[in-house]
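J.: Pasted the sequence and its predicted model underneath.
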Amino acid sequence: MARLPVEDRLAIQDLMSAYSWALDTGDPEALAALFTEDAQVIEQVFEDPDVWDGRAGVAAMGRHYANSKGFPGRQHHVTMPVFTPQGPDAVHVKAFAFVTECHGEPPMVLRFSGHYEDEVVRDSDGEWRFRRRTIRLWDGEVLKNFPGHGDFVPRKRPPELMLAK
């Protein structure tokens with residue numbers, strides 16, 4: 001099994017952290033800068049997947065959430081990343097993802113439990129960026145080894161996260 005050099009691993013972990021900070025502080029331009037020009041984000045959570053193409057699409061995603069009534073106060077936590085090098089300038093990363101909602105006094109609410117599947121590449125300027133991020137609930141294919149599991153069951157989209165048409 002090929003190992004990722006430590007400096008690359010740390011740079012990719014920094015990239016993943018910067019994503020959460022940009023998204024959760026409502027900074028769509030900083031969010032978009034973390035992705036390649038031809039990037040794609042796919043949210044396979046609700047009835048119909050949401051697909052955001054290119055940096056402009058990622059910025060639009062960031063603006064959507066920054067302007068969604070139920071989003072401010074959410075924090076995206078990413079943990080337990082597994083890095084699988086795909087060559088010197090590409091890495092597949094899978095990681096657990098949890099989203100908490102921080103409003104008022106504790107206890108805080110766990111809003112989402114799932115995982116990210118990422119394709120991360122070293123861009124032309126030498127920086128690591130997301131080329132593709134897929135966001136999934138903790139169900140479906142990832143649980144296929146458990147009897148009676150393995151089917152994706154989409155959630156109903158809450159009204160506060162409806163996409164503007």
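T.: Sure thing, it's come through.
J.: for the chain, what spans make up the helices?
T.: With helices called from DSSP state H, the chain shows them at 6-24, 28-32, 54-66.
J.: Let's have those in JSON lines, adding mean pLDDT and mean neighbour count.
T.: Placement of C-beta: from N, CA and C, glycine included. Formatted as JSON lines, the helices of the chain follow (pLDDT from 0 to 100; neighbours: other Cβ atoms under 10 Å):
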{"stretch": "helix 6-24", "mean pLDDT": "97", "mean neighbour count": "16"}
{"stretch": "helix 28-32", "mean pLDDT": "98", "mean neighbour count": "19"}
{"stretch": "helix 54-66", "mean pLDDT": "96", "mean neighbour count": "18"}
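J.: In stretch 92-99, which residues are buried?
T.: 93-95, 97-99 (16 or more other Cβ atoms under 10 Å).
J.: How far off centre is stretch 125-133?
T.: Distance, stretch centre to chain centre, for stretch 125-133: 13 Å (Cα atoms, centre = their mean, to the nearest Å).
J.: send the alpha carbons of that stretch over as CSV?
T.: Below are the C-alpha coordinates for stretch 125-133, written out as CSV (Å, rounded to 0.1, in the frame of the first residue of the first chain):
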residue,chain,number,x,y,z
ASP,A,125,0.1,26.1,-8.6
GLY,A,126,1.2,23.2,-6.4
GLU,A,127,-1.7,23.6,-3.9
TRP,A,128,-3.9,20.6,-3.0
ARG,A,129,-7.6,21.2,-4.0
PHE,A,130,-10.8,19.3,-4.2
ARG,A,131,-11.7,18.1,-7.7
ARG,A,132,-14.7,16.2,-6.5
ARG,A,133,-16.5,15.9,-3.2
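J.: need the contact list for the spatially closest residue to His76 that is not a sequence neighbour.
T.: Spatial nearest neighbour of His76, excluding adjacent residues (Cβ to Cβ, 6 or more residues apart in numbering): Ser20 at 4.1 Å. Shown in contact with Ser20 (Cβ atoms under 8 Å, 6 or more residues apart in numbering): 75-78.
J.: May I ask which of those has the most neighbours?
T.: His76 (20 neighbours; other Cβ atoms under 10 Å).
J.: any idea how far that residue is from Arg122?
T.: 24 Å (Cβ to Cβ, to the nearest Å).
J.: ok, now Leu10?
T.: For Leu10 relative to Arg122 (Cβ to Cβ), the value is 14 Å.
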